[in-house]
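**Q** I'll drop the sequence and a predicted model, then ask my questions.
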Amino acid sequence: MDNFEFDVLREIGNIGSGHAATALAKMLNQKIDIKVPQAVVCDFNTLCEMVGGEEKIVIGILLTLDGDVDGMMMFLLDIPSAYGLLRQLMFSDLKDGDELNEMHNSALHEIGNIITGAYLASLSDLTKLKINASIPYMSIDMAAAVLSVPAIEFGKLGDKAVMIETEFDAECGRELNGYFLLIPTMDSYNHIMTSLGIC
């Protein structure tokens, strides 16, 4: 991957994160700002380090992609950010560390669905490619366990993923840290670049 292709991926991250922030703002009914997303192309062995270490508890929302783009997408949230979202969305007095009930899990599932949907819609609009997403699957576990699913599934196709680290600043003053992980097959990656006139 040359510098120009990397800049294209970074810009895709900027646009996708902007759409995700807009969706989040509508959901929470408050202004959401985003800092410039950091795009990194890395191997699966370093992904855990980027989100805080193998044993850090995270929430992962995983979707499989097909259509013009095959692969996977995952949205990761750290626990403080997830609990903060739940407090704002549900007007709850939920404290960090409290056990989540079925309603909390359903809300997190829907948050992930809306945010990833906005991101993928922006990618589809930008590339003019049809991207279908599966029903999202949610997991709350250590980062190593959550990230093992895409690592195993796509390890045979390639060892690189595009990680977009995004920091959302809510109007209430809370920072929300999220990570978008895009794992296209090599054919799909080339298809994306071709649609943008790169290849």
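**A** Looks like it came in fine.
**Q** ok, which stretches of the chain are helices?
**A** 3-28, 44-50, 79-90, 102-127, 143-154, 186-195 (DSSP state H).
**Q** give me every residue that touches Pro80.
**A** Asp96 (CB atoms under 8 Å, 6 or more residues apart in numbering). For glycine as for every other residue, the C-beta is placed from the backbone atoms N, C-alpha and C.
**Q** Distance of it relative to Gln38?
**A** Plainly put, Pro80 is 19 Å away from Gln38 if you go by CB to CB, to the nearest Å.
**Q** would CSV of the helices of the chain with mean pLDDT and distance to Asp169 be doable?
**A** Converted to CSV, the helices of the chain look like this (pLDDT from 0 to 100; distance: least, CB to CB, whole Å):
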stretch, mean pLDDT, distance to Asp169
helix 3-28, 79, 9
helix 44-50, 78, 20
helix 79-90, 83, 12
helix 102-127, 87, 15
helix 143-154, 81, 23
helix 186-195, 85, 29
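**Q** right, and those helices - which one's nearest Leu63?
**A** helix 102-127 (5.9 Å; CB to CB).
**Q** Tally up the residues packed near Ala25, please.
**A** A count of nearby residues for Ala25, using other CB atoms under 10 Å, gives 16.
**Q** try Asp66
**A** Going by other CB under 10 Å, the residues that sit close to Asp66 add up to 13.
**Q** for the closest residue to it other than its chain neighbours, what are its contacts?
**A** Leaving aside its chain neighbours, Asp66 sits nearest to Asn132 (5.1 Å; criterion: CB to CB, 6 or more residues apart in numbering). By CB under 8 Å, 6+ apart, the contact set of Asn132 is Leu65, Asp66, Gly67.
**Q** Check what pLDDT the first one gets.
**A** Going back to what we said before, that points to Leu65. You'll see Leu65 listed with a pLDDT of 92.
**Q** so it touches Gly71, yeah?
**A** Yes: the pair Leu65 / Gly71 is scored as a contact, 4.9 Å apart, by CB atoms under 8 Å.
**Q** okay, these two: which has more neighbours?
**A** Shown here are Leu65 and Gly71; by other CB under 10 Å, Gly71 has more neighbours (24 against 21).
**Q** what's across from the more buried one in the sheet?
**A** For Gly71, the beta-bridge partners under DSSP bridges are Leu65, Pro184.
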